[in-house]
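[1] all I have is the shape, not the residue letters:
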């Protein structure tokens with residue numbers, strides 16, 4: 001998909017806070033198309049992974065109940081300013097994307 005993630009990571013003391021918005025339609029498969037009356041096929045993010053310098057620090061498994069264009073925020077310990085944070089996702093139709101940023105102190 002490319003460029004679907006806006007990512008920020010900031011350090012406050014020993015805690016790194018990661019905030020991201022992921023651009024994705026997140027269709028449940030239960031909504032009907034208003035013109036045709038047919039169900040819109042399910043299309044949603046199944047897995048989100050965050051890595052610090054290539055090592056996983058967070059993994060989330062999602063389903064169709066997550067809203068469109070989801071916002072995610074979480075914290076972890078053990079990083080320093082300048083370290084690399086990568087956030088990636090995969091969906092149920094083999095779509096994927098990732099973004100990388102450096103932690104700001």
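    In hand now; what should we look at? Remember, it's a predicted structure, so these values are computed and weren't measured experimentally.

[2] for the rest of this, base every contact and every neighbour count on C-alpha atoms.
    Will do.

[3] now do the host helix or strand of residue 90, average pLDDT.
    Assigned by DSSP states H and E, residue 90 belongs to strand 84-91. What strand 84-91 shows for mean pLDDT is 98.

[4] outside of that strand, which residues touch it?
    7, 9, 43-54, 96-103 (C-alpha atoms under 8 Å, 6 or more residues apart in numbering).

[5] list buried residues within the residues you listed.
    7, 9, 43-52, 96-100, 102-103 (16 or more other C-alpha atoms under 10 Å).

[6] among the residues you listed, which ones are in strands?
    Under the assignment DSSP state E, those contribute 7, 9, 45-52, 96-100, 102 to strands.

[7] out of these, who's nearest residue 20?
    residue 7 (4.5 Å; C-alpha to C-alpha).

[8] can you tell me the closest non-neighbouring residue to that closest one?
    residue 20 (4.5 Å; C-alpha to C-alpha, 6 or more residues apart in numbering).

[9] could you list the low-pLDDT ranges of the chain?
    Regions of the chain meeting the criterion pLDDT under 70 cover residues 1.

[10] swap the cut-off to 90 and go again
    The chain contains residues with pLDDT under 90 at 1-2.

[11] now the two most distant members of the ones in strands among the buried ones among the contacts of strand 84-91.
    46 and 102 (25.2 Å).

[12] the spatially closest residue to residue 78 that is not a sequence neighbour: neighbour count?
    Distances taken as C-alpha to C-alpha, 6+ apart place residue 14 nearest to residue 78, at 6.7 Å, with adjacent residues excluded. By other C-alpha atoms under 10 Å, the residues close to residue 14 number 12.

[13] pretty sure residue 14 contacts residue 77?
    Yes. Counting by C-alpha atoms under 8 Å, residue 14 does reach residue 77; the two are 5.9 Å apart.

[14] fine, thanks again, bye for now.
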